[in-house]
Every structure is written in C-alpha cells, then in structure tokens.
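Asker: With the input below, show me the fold.
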Amino acid sequence: MTETRPMDDLLRGIWRENPIFVQTLGLCPTLAVTNSVENAVAMATATFFVLVGSCFFASLFRRYIPNEVRIATFVLIIATFVTVADMMLEAIVPGIHKALGAFVGLIIVNCIILARQEAFASKNPVGRAVLDAIGYAFGFTIAMLIMSSIREVLGSGSFLGYHLFGKGYEPWVFFTLPPGGFITLGSVLLFLSWFYKRREAREKAIELRMAA
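Answerer: Numbering: from 1, shown residues only. Here you go, the predicted model:
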C-alpha cells in the first residue's frame, strides 16, 4: 500500500474522493433533506460530528477490538454519537430536528461513516484517522450545500429563507420534491463528468503539442 502524507488524508475526501459526487455514498440524506440549505447544514453538521467522533474512537481502540465483533463495535460507536447528535439538534434547533425526522437516526447506517472506520480509522493512528474523517466530512458538507443551494433557489426562489427574486417569480416546486433531488444529483454528476473529460482532453492536447 502506498504511504500517504497526513495532508493527503485530509484533502482526499474533500473532492478527489468526494463521498457523494465521486463514490456516490450516503445518498439517502443527500436526496431527502437537501430541499433547503438550512436542513442540509443541520444534517451535514450532525454527520460531521458523528464521523469525526466515531473514527476517533475506532482508531483509539483499534488494537483492543476483536476482529469477530469489529463491525458490531463500529455500529455501536456510531449509534452512540448519533444519539448525542440527535439530542443536541432537538435541544438547539427543534424546528429543524422535526423537519429532518428519522433521517438523523439513519446516520447510523450511513455508508460513509462505516466505510471510513473499516477502511481507514481501524488501520491507522488517531491523528490520521481524524484528518481523514474531517476531509470526508467536509466533502459531504460541500456536496450537501451544492445540492441544497440548487434545489432551494430553483424550488423556492430563496436561499436560507431569504427570497432572491421578485413576487413574479414562479418557484419550480418540483425541485423541493424527492424526484427533484434525483434530477439535481444527476445533473451535477453529468456536469462533473463533462468537466473532467474536457480537462483530460485539454491536458492530452497540451502533451501532444509539447511532444511535437
């Protein structure tokens, strides 16, 4: 396995291996709660807390967790942090907590969190595990903000509740509904695919010109 630098651990999950736009993990909350930026920020904050905290403990106790109960232990750690996050959201922002509904509890089965525990935190020191978790949490947050911004602006004509257009604007309510989440995600993935292919073609063209 190629050794990576700590900074690589931090940056990897932000964009190059973005959990949503590259690995397409954690799509349930992405499609469900990104109908508004406010909801997306609350979900991303809760996921950030759970991901970093659970990876910290998975790495800290990695030498003491028997292999036979490894996954069960990881799920128990995640569930503990999810319970704390759920209680904090209910106490601090009860309105948003009610809007998120069961999706806060479903962080327990978010593939991003369990994947980082299994693939990285359980095999690396605490410092690197936390950096990796922060990177992936930021990547998840960025993706949630992009998705929710598009959906709220088009679907409600607002951003964080502030109306952006005049009274004559007719919101595209479709984008606030579940199908709108699929369309938005598909559009973003299509744009990213086009962008990367175009950049790759440009780089190849430059290499050919330099070789000539």
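
Asker: Now do the lengthiest helix in the chain: which elements does it pack against?
Answerer: The helix that spans the most residues within the chain, counting by DSSP state H, is helix 178-211. Here helix 178-211 touches helix 27-32, helix 126-156, going by 3 or more Cβ pairs under 8 Å, 6 or more residues apart in numbering; DSSP states H and E. In short, each C-beta sits where N, CA and C put it, glycine included.

Asker: residues making contact with the first one?
Answerer: Outside helix 27-32, the residues that touch it by Cβ atoms under 8 Å, 6 or more residues apart in numbering are 20, 43, 47, 103, 106-107, 110, 143-144, 147, 178, 181-182, 185.

Asker: quick one on the thing from earlier: let me know the angle separating the longest helix of the chain from helix 126-156.
Answerer: With axes from the mean of the first three to the mean of the last three Cα atoms, to 10 degrees defining the directions, helix 178-211 sits at 120 degrees from helix 126-156.

Asker: quick one: contacts for the residue nearest the centre of the chain?
Answerer: For the chain, Phe140 is the residue whose C-alpha lies nearest the centre (Cα atoms, centre = their mean; 1.9 Å). Neighbouring residues of Phe140 by Cβ under 8 Å, 6+ apart: 18-20, 26, 44, 47-48, 51, 112.

Asker: Sweet, I'm off.
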